[in-house]
Every structure is written in C-alpha cells, then in structure tokens.
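Enquirer: Structure, please.
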Amino acid sequence: MFASLMQATIKIGRISIIDHTGKRRDIGSDGPQITLRLNDAKVDWELGLNPWLKVGEAYMDGRFTIEEGTIYDLINIGMVNANGIMGAKMQRVVSVMNKMLRWWHQHNPIGAAQQHVAHHYDLSRQLFELFLDESMQYSCAYFTRPEASLAEAQQAKMRHIASKLLLEPGQRLLDIGCGWGGLGIYLAKTAGVKVTGVTLSREQHEVACQRVKAAGLEGEVEFKLQDYRLEPGRFDRIVSVGMFEHVGLKHFPEFFAKVEELLVPGGVALLHAIGRRDGPGSTNPWLRKYIFPGGYSPALSEVLPVVEKTGLWVTDIEILRLHYAETLKHWRANFERNRARIAALYDERFCRMWEFYLIGSELSFRYDYNMVFQMQMSRGIGAVPITRDYMFDWERQEAAAPKAKIAWDSGKAAE
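Expert: Down below sits the predicted model:
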C-alpha cells in the first residue's frame, strides 16, 4: 500500500521499497535515491494510510530499514513531493480530519499549558547543552553572513530583536517564554533595562536563575515560573521569542489581549514566532504527538485579524525565510557529534526521534511552508519612528562595539 502511494505521488527523487516478502518496487527517476526494506506487513499499511504520522514512528521503532541513502534523503523526498502526497485521496481525508480537530489539539488552558511545555522543555538540560550554542538560544538564529558560526548568528538574532525594541536604561521589559534566560540577560546587559521573564519550564527557570546570579544581575533581572496570563505588572516593552507557537489558535485573543493589558501607553512589543506561508493548516501529527503537544505555527492571516480587534498597532513585520533552516542544520550537526552522549542520557530510540525531528524541521524551512515572522506592535500611533532607520542604526552600532559580556557557560549541568 505504501508503494502504491509513492508510485502515484513521487515526481522528484527515486525510492525503492522492498516489502516483508522480499518483493521490490522501484519508483521515480531523477533526484535523491533511497531504498527501504519494510520489516512487517502491518507497517506497509500504516505508512500507506498515514505517512505523516507513521513514517516517523516506524523509523523510531526500527520497523523499516534504510538499505541505501539516509533518513535525511527519505524526508527530503517526502518534502519535495509533499503537495502530491497531500493530494492523494486518503491523505486529503486525513488532512480534513486534522483541521477539524485542531481546536482540540491546541487546547492550552492554564495548567495544561505547563504539562505540554514540560513534555519538551523539561528534558535534561544536558540534552540541550549538547546541541545548542553557548547562550542556550532555542529559536531561529540570524545569519548576517553565510559563514557565521551558530553562536555568532544567535548573538546577531538577539541584537536584531533588540534593535526593534527602542530600549532605554531603566525601562521595564517582560520576556514571555524566557527560555534559559539568554535574551533577558543580553537585553539587561546591553541596554540597562529591568527584565522580568516568565516560563512554564522548571528546568529552564532553574538555569535562568543561576545565570542571573553568575552575571551579577540580581535586582535587575528576575525570572518567574509562571504562566504569562497571571502576570500582574505593567511594562514599557514586551518581547516573546519562540513561545507563540505553544499558545494555540483558540488562545490567540487571550494572548494579544494580555499583551495590550501589560503594555503601558506608548509601549512597544516584539513577537518572534514560526509561521506558515501557505495559509491556515494543522500541526504535523507526528510532531504534535512526540515533540510539541498543543503546538501550532500559524499563518499571518490567522494572527493579524486577532490583533486588529485589540488597541495595538502593528508597526512592523519582517519575514525570515532560510535562517531557521541554517539554524537547524547547525543543531543537527551538534546533535550527531554528541549522539553517543545523548544515547547514554536516553536511548537510541530517543536519538532517532530527535534526529527525525531536527531533519524534518530543517527541511520544512528549506523546501516547504515554514518561515519565521517578527511582528512589532505598539500602544500608540507615535510610539515608534515613522521610518525603519533606527533599527539599522542601533544594530550596526551595537555590532561594531558590543557591550554585553556574558558568562554563557554558567548554570551548566554537571558532566
């Protein structure tokens, strides 16, 4: 059944499928070559009926063997032929069902949201240390030069974000989804702002607080283990990086209403999030089940109408396209270099799961529908200048003479 689906939909690439009886079927012509051996009859039906879920599961469980090529090649073939695969009759049915259920899949009330976050972000901090850069930035980097290192590109990302916030010493800034604290510490060091960060991850909160002490910023930076919806303060600036993907479509009005509530008049907010260029959709079922339960990367057509119902001005939008593909390429290389250590922390099945996640995510940004958007918002028509020159001026000045000197290795877990 899987071979029949591939035969009908693969236009770019070559795939050979050997079923559990030894029968071989060669499909396609030009492009990447992959040979799969299916190890049981059931997996053939599962892959044919629901490849978007079952290919990843079967790879994790060793239910097919790659005899020629790599898992990267297999996912690559799937991505470049995604439109054809999605157009198959059964896949159209599965897609409609996923869209019908997405409101349930993205149910993230207070409490459930923390459980969803814990599933991913409360994994061992050693895991993240083994593939992230030294600042522990777990979001799209910004490559101002193709040859930039991951650490340089993540520093450039933080600088790029800061350039859009019009920061002044003494301002109060809220970081929604503060991660391991790197961005908040950078902004405090660079611009002298007083930072409050909130996260739902116990692991991230612990590391972030350690880093504040190591950086000598106690009293200037505070990180809370708290849902952003429970934050009572008012802020001159709000930033949120890589958190909006966990909000869920049904909670978008709640999110932007809270941002408006927390911003003082004349305040500025910057939202950095993964989006989709192809309109409303649903989260890949494998990614939703194993990596990011409750997650969804929206189209801008799903975001802007919600913002329009608030009192916020959208004052700038920038689309970052291939930056995340390059970021994930670096993460994947680091992961593979430390694979034996990660397998010792977990097991080989976990490694295959994360390998599939990192490759699939990279290729979705390289060839498919994913992108990153940075959306600047303000409370007031005159809160930001009427041209974008201030962004470039600040960014270039800071790049030429960076002020932030941070001991990024603080808070590392014991070997």
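
Enquirer: Can you tell me what sits against the one helix or strand F335 maps to?
Expert: In the assignment (DSSP states H and E), F335 maps to helix 323-337. Contact with helix 323-337 is made by 130-133, 140-143, 150, 153, 274, 342, 354-355, 358-359, 361-363, 365-366, 370-372, as judged by CB atoms under 8 Å, 6 or more residues apart in numbering. Just so you know, the C-beta spots here come from the backbone N, C-alpha and C atoms, and that holds for glycine as well.

Enquirer: among the residues you listed, which are in strands?
Expert: Members of those lying in strands (criterion: DSSP state E): I274, N370, M371, V372.

Enquirer: Was I right to think the second one contacts S364?
Expert: Yes: under the criterion of CB atoms under 8 Å, N370 is in contact with S364, at a separation of 4.5 Å.

Enquirer: thinking again about what came up before, quick check: buried residues in the helix holding F335?
Expert: H323, Y324, A325, E326, T327, L328, K329, H330, W331, R332, N334, F335 (16 or more other CB atoms under 10 Å).

Enquirer: would you turn those into CSV with pLDDT and distance to G248?
Expert: Listed next are those as CSV, based on pLDDT from 0 to 100; distance: CB to CB, whole Å:
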residue, pLDDT, distance to G248
H323, 98, 25
Y324, 98, 21
A325, 98, 25
E326, 98, 28
T327, 98, 24
L328, 98, 23
K329, 98, 29
H330, 98, 29
W331, 98, 25
R332, 98, 27
N334, 98, 30
F335, 98, 28
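
Enquirer: Most widely separated two among those residues?
Expert: H323 and F335 (18.7 Å; CB to CB).

Enquirer: So which bits of stretch 366-383 are buried?
Expert: Those would be 366, 368-380, 383, for stretch 366-383 by 16+ other CB under 10 Å.

Enquirer: Point out the least confident member of the residues you listed, please.
Expert: When the buried residues of stretch 366-383 are sorted by pLDDT, the bottom entry is D368 at 78.

Enquirer: OK, contacts around the residue nearest to it when sequence neighbours are not counted?
Expert: Distances taken as CB to CB, 6 or more residues apart in numbering put M79 closest to D368, at 5.3 Å, once the chain neighbours are dropped. By CB under 8 Å, 6+ apart, the residues touching M79 are G360, L363, S364, R366, Y367, D368.

Enquirer: Break the chain into its domains for me.
Expert: As assigned by automatic domain parsing, the chain contains the domains 2-105, 112-400.

Enquirer: Tabulate those domains (a markdown table), appending distance to I406.
Expert: A markdown table is the format used below for the domains of the chain (distance: least, CB to CB, whole Å):
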| stretch | distance to I406 |
| --- | --- |
| domain 2-105 | 34 |
| domain 112-400 | 6 |
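
Enquirer: Please work out which of those is packed deepest.
Expert: domain 112-400 (a mean of 19; mean count of other CB atoms under 10 Å).

Enquirer: distance between the ends of that domain?
Expert: 44 Å (CA to CA, to the nearest Å).

Enquirer: ok, now stretch 27-43?
Expert: For stretch 27-43, the end-to-end distance is 19 Å (CA to CA).

Enquirer: what comes into contact with it?
Expert: For stretch 27-43, using CB under 8 Å, 6+ apart, the contacting residues are 2-3, 6-7, 10-20, 44, 47, 54, 58, 62-70, 73-74, 76-77, 80.

Enquirer: avg pLDDT for it?
Expert: 89.

Enquirer: returning to what we had before: just name the closest of the ones in strands among the contacts of helix 323-337 to R24, please.
Expert: N370 (34.3 Å).

Enquirer: bridging residues for the closest one?
Expert: When assigned by DSSP bridges, N370 has beta-bridge partners R276.

Enquirer: Quick one: low-confidence residue ranges for the stretch 301-415 of the chain.
Expert: Counting by pLDDT under 70, the stretch 301-415 of the chain has low-confidence residues at 403-405, 407-415.

Enquirer: quick one: the helices in it?
Expert: Counting by DSSP state H, counting those that start in this stretch, the stretch 301-415 of the chain has these helices, from start to end: 323-337, 339-345, 348-366, 389-400.

Enquirer: Of all the ones you listed, which one is nearest V239?
Expert: helix 389-400 (14.3 Å).

Enquirer: packing partners for that closest one?
Expert: For helix 389-400, the elements it packs on are helix 150-163, judged by 3 or more CB pairs under 8 Å, 6 or more residues apart in numbering; DSSP states H and E.

Enquirer: Looking at the buried residues of helix 323-337, spot the one nearest E254.
Expert: Distance to E254 across the buried residues of helix 323-337 (CB to CB) is lowest for Y324, with 26.2 Å.

Enquirer: Could you check how far the closest one is from A112?
Expert: 27 Å (CB to CB, to the nearest Å).

Enquirer: what kind of secondary structure is A148 in?
Expert: Classification of A148 by DSSP: H, G, I helix; E, B strand; the rest coil places it in coil.
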